[in-house]
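[1] Sequence first, then the predicted structure:
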Amino acid sequence: MKYQDDNIFAKILRGEIPAEKVFEDQETLVIMDIMPRIDGHVLVIPKTPARNMLDASPAQLAACLASVQKISHAALVAFNAQGITLQQFNEVASGQEVFHLHFHVLPRQDGDKLRPPGNMEDSTVISENAAKLRAALTKLSC
């Protein structure tokens with residue numbers, strides 16, 4: 001299948017739709033998920049087009065995973081997490097809904113439960129969680 005540049009992440013990258021940005025480098029963008037399954041749920045996306053990992057270049061995958069690792073360390077600190085769940089879906093049969101490569105990073109505590117998918121979070125909570133992650137990134141960079 002061909003990449004479609006009308007997907008929500010492409011629109012965010014072009015500045016057509018707002019997003020709560022947590023981290024950005026030359027190749028990737030990390031944003032808060034507006035329908036988080038758990039506090040601190042972020043999405044890591046490449047800045048260049050790729051439907052999913054099946055058509056992504058090795059360089060896109062490497063850049064995304066480097067950002068996944070960086071934001072995962074920050075999430076452990078910011079949310080006093082004990083672990084990280086990483087999710088990545090490829091094509092409809094797997095549950096992929098947005099056809100731009102993205103990785104879900106979810107900070108986890110022992111025994112916690114993920115919230116059901118599809119529930120919008122209050123923008124104030126999303127902003128507060130983003131601030132926690134940005135502060136942890138700054139702390140880890142020192």
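    Arrived safely. Numbers count the residues shown, from 1 in each chain.
[2] For the longest helix belonging to the chain, name the packing helices and strands.
    Longest helix in the chain by number of residues, with DSSP state H as the criterion: helix 58-78. Using 3 or more Cβ pairs under 8 Å, 6 or more residues apart in numbering; DSSP states H and E as the contact criterion, the secondary-structure elements in contact with helix 58-78 are strand 21-24, strand 28-32, strand 42-46, strand 83-87, strand 103-108, helix 123-141. All C-beta spots, glycine's among them, are computed from the backbone N, C-alpha and C.
[3] Residue 113 - how many residues pack around it?
    The burial count assigned to residue 113 is 8, neighbours taken as other Cβ atoms under 10 Å.
[4] hang on, it in a helix?
    No: when classified by DSSP: H, G, I helix; E, B strand; the rest coil, residue 113 is found to be coil rather than part of a helix.
[5] Residue 107 contacts residue 77, correct?
    No: with contact defined as Cβ atoms under 8 Å, residue 107 does not count as touching residue 77 (9.4 Å).
[6] more neighbours, those two?
    Using other Cβ under 10 Å, the more surrounded residue of residue 107 and residue 77 is residue 107, with 27 against 16.
[7] and the residue nearest to the spatial centre of the chain, what are its bridge partners?
    Centre of the chain computed as the mean C-alpha position; nearest residue by Cα atoms, centre = their mean is residue 43, 0.9 Å away. The residues paired with residue 43 through beta bridges, assigned by DSSP bridges, are residue 31, residue 104.
[8] check contacts around it.
    Listed by Cβ atoms under 8 Å, 6 or more residues apart in numbering, the contact set of residue 43 reads 9, 30-33, 102-105.
[9] quick one: average pLDDT of stretch 57-74?
    Taken as a whole, stretch 57-74 has an average pLDDT of 98.
[10] what do you get for stretch 17-31?
    Mean per-residue pLDDT for stretch 17-31: 98.
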